[in-house]
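Trainee: next come a sequence and a model predicted from it.
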Amino acid sequence: NAGVTQTPKFQVLKTGQSMTLQCAQDMNHNSMYWYRQDPGMGLRLIYYSASEGTTDKGEVPNGYNVSRLNKREFSLRLESAAPSQTSVYFCASLEREGGSSTDTQYFGPGTRLTVL
Amino acid sequence: SQQGEEDPQALSIQEGENATMNCSYKTSINNLQWYRQNSGRGLVHLILIRSNEREKHSGRLRVTLDTSKKSSSLLITASRAADTASYFCATGLFSGGYNKLIFGAGTRLAVHP
């Protein structure tokens, strides 16, 4: 199993350009997440998808859109990139042991995005 | 403000010593998890402790949880250079209609040979 994969690994954009970050998982998990990580901070949730066909906003959704294409894939789109979106982006999927008290997330390797 | 806050922000020790990191949080939780992040990599899940548990072990890791003080600690015994990484606590809770993980800013651990 590859786990959670993300493409691209690195990207440089100019202000106003658009791009889509891709994420896929092969663990048959229902829930998937997009986070951003900024220096000196923990991860902040951008969007999540509790199941195929559903998406919801997280803590910092402004400037982003998402698509849950199927159970495996969850993409993040920046329609008009801004320098404030320079960050490292992580995708994660959720394994649950049963019940809400046990939730382990599996993370992809990240995409380093710089917006000039 | 952050739900989980780690202390210290940075820790530097010699190989063989123990490393202790602390995490405090603000609200009721379902569980608390610790993750490791090597430089330039994604996060790797280390251990999960449920809100009704007080202590948990996994190899050289020992996690404690004190829900009355809303705090947790991660102890790494007999540290190795390969333990050099950032360590994040994450509180698991159900809020706003979904299961959330809220991360702290992390502790950067450096283990010197």
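Mentor: Alright, I've got the coordinates.

Trainee: low-confidence ranges, chain A, go.
Mentor: Within chain A, the segments meeting pLDDT under 70 span A:96-102.

Trainee: where does B:Thr27 land in three-state SS?
Mentor: Under DSSP: H, G, I helix; E, B strand; the rest coil, the three-state class of B:Thr27 is coil.

Trainee: next, count neighbours for it.
Mentor: If you count neighbours by other C-beta atoms under 10 Å in any protein chain shown, B:Thr27 ends up with 10. For the C-beta atoms, the positions are set from N, CA and C on the backbone; glycine is no exception.

Trainee: I'd say it and B:Lys100 touch.
Mentor: No - the criterion here is C-beta atoms under 8 Å, and B:Thr27 misses it with B:Lys100 at 10.4 Å.

Trainee: any shared contact partners between these two?
Mentor: In terms of C-beta atoms under 8 Å, 6 or more residues apart in numbering or on different chains, B:Thr27 and B:Lys100 are both contacted by the residues B:Leu93.

Trainee: distance of B:Leu11 from chain A?
Mentor: Distance of B:Leu11 to chain A, given as C-beta to the nearest C-beta, to the nearest Å: 16 Å.

Trainee: now do the contacts for that residue.
Mentor: Contacts of B:Leu11 (C-beta under 8 Å, 6+ apart): B:19, B:21, B:107-110.

Trainee: ok, B:Met21 next?
Mentor: B:6-8, B:11, B:73-74, B:87, B:89, B:107, B:109.

Trainee: tell me the secondary structure for it?
Mentor: With three-state DSSP as the criterion, B:Met21 reads strand.

Trainee: check what pLDDT it gets.
Mentor: Reported pLDDT at B:Met21 in the predicted model: 96.

Trainee: same thing with the one 5 residues further on?
Mentor: On the pLDDT scale, B:Lys26 is placed at 91.

Trainee: okay but it is in contact with B:Ser71, surely?
Mentor: No - using C-beta under 8 Å as the test, B:Lys26 is too far from B:Ser71 to be in contact (10.8 Å).

Trainee: which one of the contacts of B:Leu11 is nearest chain A?
Mentor: When the contacts of B:Leu11 are compared for distance to chain A (C-beta to the nearest C-beta), B:Arg108 wins out at 9.9 Å.

Trainee: what bridges to the closest one?
Mentor: B:Arg108 forms beta bridges with B:Ala10, B:Ser86, as assigned by DSSP bridges.

Trainee: rewinding a little: please convert the buried members of the contacts of B:Leu11 into ChimeraX selection syntax.
Mentor: Selection of buried members from the contacts of B:Leu11 for ChimeraX, criterion 16 or more other C-beta atoms under 10 Å in any protein chain shown:
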select /B:19,21,107,108,109
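
Trainee: which of the contacts of B:Leu11 sits closest to B:Val44?
Mentor: For the contacts of B:Leu11, the minimum distance to B:Val44 (C-beta to C-beta) is 13.9 Å, reached by B:Leu109.
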